[in-house]
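A.B. asks: from the sequence below, what's the structure:
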Amino acid sequence: MMPGMATQSLHLRRGQDGYYRTNWYDEAGKRHGRCFGKDRRAARHEFALFHARWRADPAVRNPDRAQPMTIRDGWERYYHWAQAYYVRPDGTPTQEATAMAAACAKLIELYGDLPAREFSPRALRHLQYVAATRIRREYGLEAAQVVLGHARADVTQVYAERDMARAIQVMEEAG
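C.D. replies: From the prediction side, this is the model:
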């Protein structure tokens, strides 16, 4: 089969050995196959499940193609390296890798499944916005200003949205 001539649909066939199988060609022209056993009923059921996944997921149709690296994949690789790199002369770990894990937890939570090639500085800006808002809500504007390293509070206000519910609560308490 020539590259670019991928199989368009699958068929379940029974071989001379009694096993039920299906075969297909991927986009590169490489042949793949899957065996479903000798029991006809079970093979038909397993084939139906596999066929649905095959139609929906390009990774099933092209099992040899590398999947794009996600933000989580990159972080896990880096963290594994950092654990080995940040050690004392006696071999005990330092706190750097743990501190980085804590610092990157929200990043991984928000963007972990995003392919790395789609990650951009805008995502970091959004992460800064989320963190600033949370710090302002929990600790106040001055704390958010210090954590973000801003010299003036008006700059911090651009990144940290106002908490209107808190303002209402303060006004009710103040009278």
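A.B. asks: ranges for the strands of this protein?
C.D. replies: 13-14, 20-25, 31-37 (DSSP state E).
A.B. asks: next one: the residue nearest to Asn62 when sequence neighbours are not counted from Ala6, what distance?
C.D. replies: Sequence neighbours aside, Asp26 is the residue nearest to Asn62 in space, at 4.4 Å (criterion: CB to CB, 6 or more residues apart in numbering). To be clear about C-beta, it is placed using only N, CA and C from the backbone, and glycine gets the same treatment. According to CB to CB, to the nearest Å, Asp26 stands 6 Å off from Ala6.
A.B. asks: can you give me the neighbour number for Val170?
C.D. replies: A count of nearby residues for Val170, using other CB atoms under 10 Å, gives 10.
A.B. asks: which residues does it contact?
C.D. replies: Shown in contact with Val170 (CB atoms under 8 Å, 6 or more residues apart in numbering): no residues.
A.B. asks: what about it, distance to Gly140?
C.D. replies: 11 Å.
A.B. asks: please name the residues that touch the residue nearest the centre of the chain.
C.D. replies: For the chain, the residue sitting closest to the mean C-alpha position, by CA atoms, centre = their mean, is Asp113 at 1.5 Å. The contact partners of Asp113, by CB under 8 Å, 6+ apart, come to 70-72.
A.B. asks: where does this structure dip in pLDDT?
C.D. replies: By pLDDT under 70, the weakly predicted segments of the chain are 1-4, 159-167, 175.
A.B. asks: run the last query once more with 80
C.D. replies: Applying pLDDT under 80 to the chain flags the ranges 1-6, 59, 64-67, 121, 123-131, 147-148, 155-171, 174-175.
A.B. asks: so where's the longest helix in it?
C.D. replies: Secondary structure of the chain per DSSP state H: the longest helix is helix 121-139.
A.B. asks: that helix: which residues count as buried?
C.D. replies: 127, 130-133, 135-136 (16 or more other CB atoms under 10 Å).
A.B. asks: turn those into TSV, including distance to Lys38.
C.D. replies: Below are the buried residues of helix 121-139 laid out as TSV (distance: CB to CB, whole Å):
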residue	distance to Lys38
Leu127	54
Val130	55
Ala131	58
Ala132	62
Thr133	60
Ile135	62
Arg136	65
